[in-house]
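Visitor: Structure of the sequence below:
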Amino acid sequence: MEEMMSTISCWMENPTRSLVSTHEESIEEIPILIIEGFLLFHYKPLDTIWNRSYFLTIPYEECKRRRSIKFPTYFDSTRVYKPPDAPGYFDGHVWPMYLKHKKEMENVSWEIVYLDGTKSEEDLFSQVYEDLTQELAKQK
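Guide: Below you'll find the predicted structure:
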């Protein structure tokens, strides 16, 4: 966590540039840092860094289905847990921890945008892109 915070601090001092266009005819360079991982919402040193926070929600059956089978992901062709989950691990640990952390999200001091994790990657990207575009327009 300390190494991550060091990396974030270095980036904030000299951000890498990402191109974001709010109008087709003008491209403006705006630095955007994405920090991924729902457990990070409870890491206090990050509390003052968040500008926008997103939390993917998913129903029990879909979560269990994705966890229990080889499921294509964005980063690789299949997601395989090594070692595989022990019998009862999903119901005894994975799902209760998801619910616990989702409930804890209600007590954070900043706004969290909840996204429907059953939507396609393209739909989620479009939703986040539109939200960020609106937020950036408000800051101008």
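
Visitor: now do the same end-to-end measure for stretch 102-119.
Guide: Length of stretch 102-119, first residue to last, Cα to Cα, to the nearest Å: 18 Å.

Visitor: Where does residue 55 sit, in terms of helix or strand?
Guide: strand 53-57 (DSSP states H and E).

Visitor: Let me see the mean pLDDT of that strand.
Guide: Mean pLDDT, computed over strand 53-57, is 89.

Visitor: Tell me the gap between stretch 82-96 and the middle of its chain.
Guide: The chain centre lies 22 Å from the centre of stretch 82-96; the measure is Cα atoms, centre = their mean, to the nearest Å.

Visitor: and the end-to-end length of that stretch?
Guide: End-to-end for stretch 82-96, by Cα to Cα: 21 Å.

Visitor: in that stretch, what's buried?
Guide: residue 90 (16 or more other Cβ atoms under 10 Å). All C-beta atoms are positioned from the backbone trio N, CA, C, and that covers glycine.

Visitor: cool, stretch 132-140 as well?
Guide: Neighbour-count burial for stretch 132-140 [16+ other Cβ under 10 Å]: 132, 136.

Visitor: Least confident secondary structure element in the chain?
Guide: Of all helical and strand segments in the chain, the minimum by mean pLDDT, DSSP states H and E falls on strand 18-23, at a mean of 52.

Visitor: Next, find the distance separating residue 118 from residue 101.
Guide: Using Cβ to Cβ, to the nearest Å, residue 118 is found at 18 Å from residue 101.

Visitor: correction: residue 111
Guide: Taken as Cβ to Cβ, the span from residue 111 to residue 101 is 17 Å.

Visitor: So for the two, which residue has more residues nearby?
Guide: residue 101 (14 against 8; other Cβ atoms under 10 Å).

Visitor: I would like the residues contacting the helix or strand that contains that one, please.
Guide: Taking DSSP H and E as the definition, residue 101 sits inside helix 95-104. Contacts of helix 95-104 from elsewhere in the structure, counted by Cβ atoms under 8 Å, 6 or more residues apart in numbering, are 38, 39, 41, 42, 55, 57, 60, 63, 64.
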